[in-house]
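> this one's structure only:
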């Protein structure tokens, strides 16, 4: 099923083509560009944090949050393209009274019914329903980053749904919709959403692990284009032009798997790196570093240029 014909129990929502729903949903807001007229994404207020899609907001540092007739300027505290999560904070220190969504008590499983709740500037929310098809699915965001732990569903993905709430029948959050070009919607799972948004809120980074590498992945090969001076990668002897073959024995099959391997290892942990230089293969040990927390007033972005 790709369109719901029944109400979501606690909110009384239905597909806007079949019944009139409420003009606003507690904990779900629409995000505009600074002009206040151009919708960008939906955002979800949960755990006291306002989270949206990193791909949908792009490189914007300031946006406008709108809920139930009221608007407020927000700052992008940080963003993570590898989980498609961006965290918004109010520019004036006080968030609009937008309500909040609770977490579902358990993670979803294949076959579970879930509902997408998105806003696109129209009077009523978009509500589309479907079933969970698979866990740990791969999808690519509109920004070109691969997400490796997505929850794939059979619900249709409408325009501007990046950042939308993914809820159960009782309106409890079971994920957040990924901004991608697929016909069907995929979502960031709750565990990732909670961990990454909490880390960004506290430190400004999705994950503090850092090795100081800038790299490109083309033709199934990850090639270093720069190593940051005095970084863990430089200390391990890595240099521009080197090809990264494997981390701790696991082949490097893309930027996202490489970043995830470094994050799993964590700061102050040694990893084995298999490298190819000018056709010669060799192995080195690299000690993962740790980024310093970023003051809340700064705007940061986790990306390859920051040396994941």
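Happy to help now that I have it. Small disclaimer: the values here were computed from a predicted structure and weren't measured. Numbering: from 1, shown residues only.

> could you list the low-pLDDT ranges of this structure?
Of all residues in the chain, those with pLDDT under 70 make up the ranges 1-24, 123, 297-308.

> quick one, longest strand in the chain?
The strand that spans the most residues within the chain, counting by DSSP state E, is strand 126-140.

> that one pairs with which strands?
Strand 126-140 has these partner strands in its sheet, going by DSSP bridges: strand 113-118 (antiparallel), strand 146-156 (antiparallel).

> list the buried residues for that strand?
For strand 126-140, the neighbour count (16 or more other Cβ atoms under 10 Å) marks 126, 127, 128, 129, 130, 131, 132, 137, 139, 140 as buried. The way it works is simple: take the backbone N, C-alpha and C, and place the C-beta from them, glycine included.

> could I get these as TSV with distance to residue 199?
Listed next are the buried residues of strand 126-140 as TSV, based on distance: Cβ to Cβ, whole Å:
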residue	distance to residue 199
126	30
127	31
128	30
129	31
130	30
131	31
132	26
137	23
139	22
140	23
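
> which two among the residues you listed are spaced furthest apart?
Set against one another by Cβ to Cβ, those have their most distant pair in 127 and 140, with a gap of 25.4 Å.

> which one's the longest helix in the protein?
The helix spanning the most residues in the chain, taking DSSP state H as the definition, is helix 190-203.

> can you name every helix or strand that that one contacts?
strand 49-52, strand 70-80, strand 85-90, strand 173-177 (3 or more Cβ pairs under 8 Å, 6 or more residues apart in numbering; DSSP states H and E).

> to residue 265, which of the ones you listed lies closest?
For these, the distance to residue 265 is smallest for strand 70-80, at 17.1 Å, taking Cβ to Cβ.

> which parts of the closest one are buried?
Buried residues in strand 70-80 (16+ other Cβ under 10 Å): 72, 74, 75, 76, 77, 78, 79, 80.

> need phi/psi at residue 268.
phi 60, psi 20 (degrees, to the nearest 10).

> and it, how many neighbours?
Around residue 268 sit 11 other residues, with neighbours defined as other Cβ atoms under 10 Å.

> dump the residue contacts of it.
287, 288, 289, 290 (Cβ atoms under 8 Å, 6 or more residues apart in numbering).

> could you report the neighbour count for the last one?
Applying other Cβ under 10 Å, we find 15 residues neighbouring residue 290.

> contacting residues around it?
Contact partners of residue 290, counting by Cβ under 8 Å, 6+ apart, are 208, 209, 210, 267, 268.

> then the first one?
Residue 287 sits next to 232, 235, 236, 268, 269, 270, 271 when contact means Cβ under 8 Å, 6+ apart.

> which of these ranks first by neighbour count?
Across these, neighbour numbers were computed from other Cβ under 10 Å; residue 232 holds the maximum, 25 neighbours.

> spatially nearest residue to residue 80 (excluding sequence neighbours)?
Counting by Cβ to Cβ, 6 or more residues apart in numbering, the nearest residue to residue 80 once its immediate chain neighbours are dropped is residue 206, at 3.4 Å.

> for residue 105, same thing?
If you skip the residues right next to it in sequence, residue 105 has residue 172 as its closest partner in space, 7.5 Å away by Cβ to Cβ, 6+ apart.

> ok, that neighbour - contacts?
Residues near residue 172 by Cβ under 8 Å, 6+ apart: 101, 102, 103, 104, 105.

> what about the strands in the stretch 201-308 of the chain?
Taking DSSP state E, counting those that start in this stretch as the criterion, the stretch 201-308 of the chain contains strands spanning 209-210, 213-218, 221-227, 243-247, 250-251, 270-277, 280-287, 289-290.

> deepest of those, which one?
strand 209-210 (a mean of 23; mean count of other Cβ atoms under 10 Å).

> partner strands of that strand, with direction?
Strands flanking strand 209-210 in the sheet, each with its direction: strand 289-290 (antiparallel) (DSSP bridges).

> roughly how far does the closest residue in space to residue 89 that isn't next to it in sequence sit from residue 233?
In space, and not counting its chain neighbours, residue 89 is closest to residue 77: 4.8 Å by Cβ to Cβ, 6+ apart. Per Cβ to Cβ, to the nearest Å, residue 77 is found 27 Å from residue 233.
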